[in-house]
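# My questions concern the predicted model and sequence given below.
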Amino acid sequence: MLEIRDIHKSFSDTEVLRGIDFKVDRGEVIAVIGPSGSGKTTLLRCISFLEKADRGTIVFDGRAHDMATLSKREIK
């Protein structure tokens, strides 16, 4: 199971992600859709830790982690 809670990301004064929440259960497939510039790629980059979220929580297999403070060592 993967759960994202209250993820936020800004670039300078532009808030791109404003409190995104979702949950994906084992065996589920989801799609992220929206217009150009709506934050789809930023969301996926934050979830995969290619971009650091300003705040939010990721829960993976029942373990919650603060996305803003998670170290590279903890991500591995």
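Good, I have the coordinates. Numbers count the residues shown, from 1 in each chain.
# pretty sure Leu17 contacts Thr42?
Yes - using Cβ atoms under 8 Å, Leu17 is in contact with Thr42, at 6.1 Å. In short, each C-beta sits where N, CA and C put it, glycine included.
# Now the common contact residues for these two.
Contact criterion Cβ atoms under 8 Å, 6 or more residues apart in numbering; residues shared by Leu17 and Thr42: Lys9.
# low-scoring pLDDT stretches of this protein, where are they?
Residues of the chain meeting the criterion pLDDT under 70: none.
# And the strands in it?
Ranges of strands within the chain are 2-11, 14-24, 55-60, 63-66, based on DSSP state E.
# I'd like these written out as JSON lines, with mean neighbour count added.
Below are these laid out as JSON lines (neighbours: other Cβ atoms under 10 Å):
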{"stretch": "strand 2-11", "mean neighbour count": "17"}
{"stretch": "strand 14-24", "mean neighbour count": "14"}
{"stretch": "strand 55-60", "mean neighbour count": "16"}
{"stretch": "strand 63-66", "mean neighbour count": "11"}
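# Of all these, which one comes closest to Ser38?
Ser38 lies closest to strand 14-24 among the strands of the chain, at 8.6 Å (Cβ to Cβ).
# helices or strands next to that closest one in the packing?
Secondary-structure packing of strand 14-24 (3 or more Cβ pairs under 8 Å, 6 or more residues apart in numbering; DSSP states H and E): strand 2-11, helix 40-47.
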